[in-house]
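K.L.:
the following block contains a protein sequence and its predicted model.
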Amino acid sequence: MSMEGSIALVTGGSRGIGRAVCLELARRGAAVAVNYAGSSQAAEETAAQCRRLGVEAEVFQADVASPAACEELIAAVKARFGRVDILVNNAGITRDSLLLTAVEEDVSQVLDTNLKGAYFCTKAAAKLMVRQRYGRIVCLSSVVGLRGNPGQTAYAASKAGVLGLVKAAAKELAGRDITINAVAPGFIETDMTAVLPEKARDTMLGAIPKGRPGFPEDVARAVAFFVEKEAGYITGQVLCVDGGMAV
Ligand code: NAP
């Protein structure tokens with residue numbers, strides 16, 4: 001199994017799951033484009049860690065909530081590395097609130113980042129990949145997108161939307177050796193979950209048969225499985241990495 005010579009773009013590669021994905025792909029030999037929104041230092045640190053693993057790595061600032069920025073991001077990676085073989089749509093945010101109290105600005109921000117961000121990065125990357133006749137795409141969904149979660153209606157809608165994108169795009173792109181799959185994490189220890197109130201945290205942990213939270217590396221290994229060259233017959237699938245939470 002190998003990713004030697006592949007060029008991988010990871011959105012939101014500065015922290016959390018995205019950073020772990022960058023490092024896992026670097027470990028397997030891919031050159032890595034590390035996208036971030038605001039955390040330039042953290043992104044530089046991810047890139048430095050990738051380089052220490054013996055691959056090329058560079059940071060690319062872009063707000064994936066802007067479709068124009070998504071196009072520019074793909075163009076910038078192509079200009080620097082010549083192609084894009086692997087795209088991991090990982091950038092994501094939460095703006096939690098109950099349905100009855102949700103405000104439009106938060107709902108839009110969540111949908112624009114999590115769903116439209118994945119959509120327009122995929123669209124721009126797929127244009128290149130169709131010409132290359134090769135590509136591997138993974139979108140980060142969530143167990144919440146499969147099961148729902150009170151207080152996360154917008155987030156759940158965005159993560160369920162990603163699954164529709166994956167399934168439809170899988171059918172459109174399969175003939176060109178381009179796969180697109182989803183990884184649906186459960187409760188993973190990152191900045192995103194560190195802000196949860198203790199009660200919510202305990203409830204979620206109690207629902208994990210494995211008896212522990214997941215780590216970014218657990219998710220990164222699943223992403224890496226899908227983007228190996230040898231995984232070319234697997235497309236349109238959703239893999240939960242959740243310690244049994246959604247079973
Ligand atoms: P995190 O620690 O909060 O990191 C979020 C990452 O996304 C950061 O690198 C951030 O960049 C980037 N980002 C946010 N908005 C962006 C934008 N508009 N444009 C570009 N990059 C942006 O989150 P995480 O826990 O690692 O989550 C990663 C993905 O997994 C998300 O899609 C999340 O929904 C999904 N997920 C997480 C869990 C979990 O339990 N943690 C569970 C299920 C699904 P900056 O550093 O520049 O802000």
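P.N.:
Right, received. Where do you want to start?
K.L.:
all contacts plus neighbour counts: C-alpha atoms, from now on.
P.N.:
Will do.
K.L.:
quick one, grab the pLDDT at the spatially most central residue of the chain.
P.N.:
For the chain, the residue nearest the mean C-alpha position is Asn90 (1.9 Å; Cα atoms, centre = their mean). Asn90 carries a pLDDT value of 98.
K.L.:
next one: Leu196
P.N.:
pLDDT, read off for Leu196, is 89.
K.L.:
same thing with Met1?
P.N.:
On the pLDDT scale, Met1 gets 60.
K.L.:
the one 3 residues further on now?
P.N.:
According to the prediction, Glu4 has pLDDT 93.
K.L.:
enumerate every residue touching the closest residue to it other than its chain neighbours.
P.N.:
Nearest residue to Glu4, sequence neighbours excluded (Cα to Cα, 6 or more residues apart in numbering): Gly29, at 4.4 Å. By Cα atoms under 8 Å, 6 or more residues apart in numbering, the contact list for Gly29 reads Ser2, Met3, Glu4, Gly5, Ser6, Gly54, Val55.
K.L.:
and stretch 123-141, how far out from the chain's middle?
P.N.:
13 Å (Cα atoms, centre = their mean, to the nearest Å).
K.L.:
next: stretch 116-126.
P.N.:
For stretch 116-126, the separation from the chain centroid amounts to 12 Å (computed by Cα atoms, centre = their mean).
K.L.:
show residues contacting it.
P.N.:
By Cα under 8 Å, 6+ apart, stretch 116-126 touches 64-67, 70-71, 74, 84, 87, 89-91, 135, 137, 139, 162, 165.
K.L.:
filter those by proximity to the ligand?
P.N.:
When the contacts of stretch 116-126 are checked against the ligand using Cα under 6 Å from any ligand atom, the ones in range are Val64, Ala65, Asn90, Ala91.
K.L.:
which members of those residues are the farthest-apart pair?
P.N.:
Using Cα to Cα, those reach their maximum pairwise distance at Ala65 and Asn90, which is 12.4 Å.
K.L.:
longest helix anywhere in this structure?
P.N.:
helix 153-173 (DSSP state H).
K.L.:
now that helix: how far from the chain's centre is it?
P.N.:
On Cα atoms, centre = their mean, the centre of helix 153-173 falls 12 Å from the chain's centre.
K.L.:
buried ones in it?
P.N.:
Of all the residues in helix 153-173, those buried under the rule 16 or more other Cα atoms under 10 Å are 153-163, 165-167, 169-170, 173.
K.L.:
swap in stretch 30-38?
P.N.:
Ala30, Ala31, Val32, Ala33, Val34, Asn35, Tyr36, Ala37.
K.L.:
closest one to Thr46 out of those, please.
P.N.:
Val34 (7.4 Å).
K.L.:
hey, what's the closest one bridged with?
P.N.:
Going by DSSP bridges, Val34 is paired in beta bridges with Val10, Val59.
K.L.:
pretty sure it contacts Cys22?
P.N.:
Yes - Val34 is within contact range of Cys22, at 7.2 Å (criterion: Cα atoms under 8 Å).
K.L.:
shared neighbours of those two, anything?
P.N.:
Val10, Gly13, Thr46.
K.L.:
is the last one located within a helix, as I assumed?
P.N.:
Yes - counting by DSSP: H, G, I helix; E, B strand; the rest coil, one finds Thr46 located in a helix.
K.L.:
you'd agree it is up against Val34?
P.N.:
Yes - using Cα under 8 Å, Thr46 and Val34 qualify as a contacting pair, with a distance of 7.4 Å.
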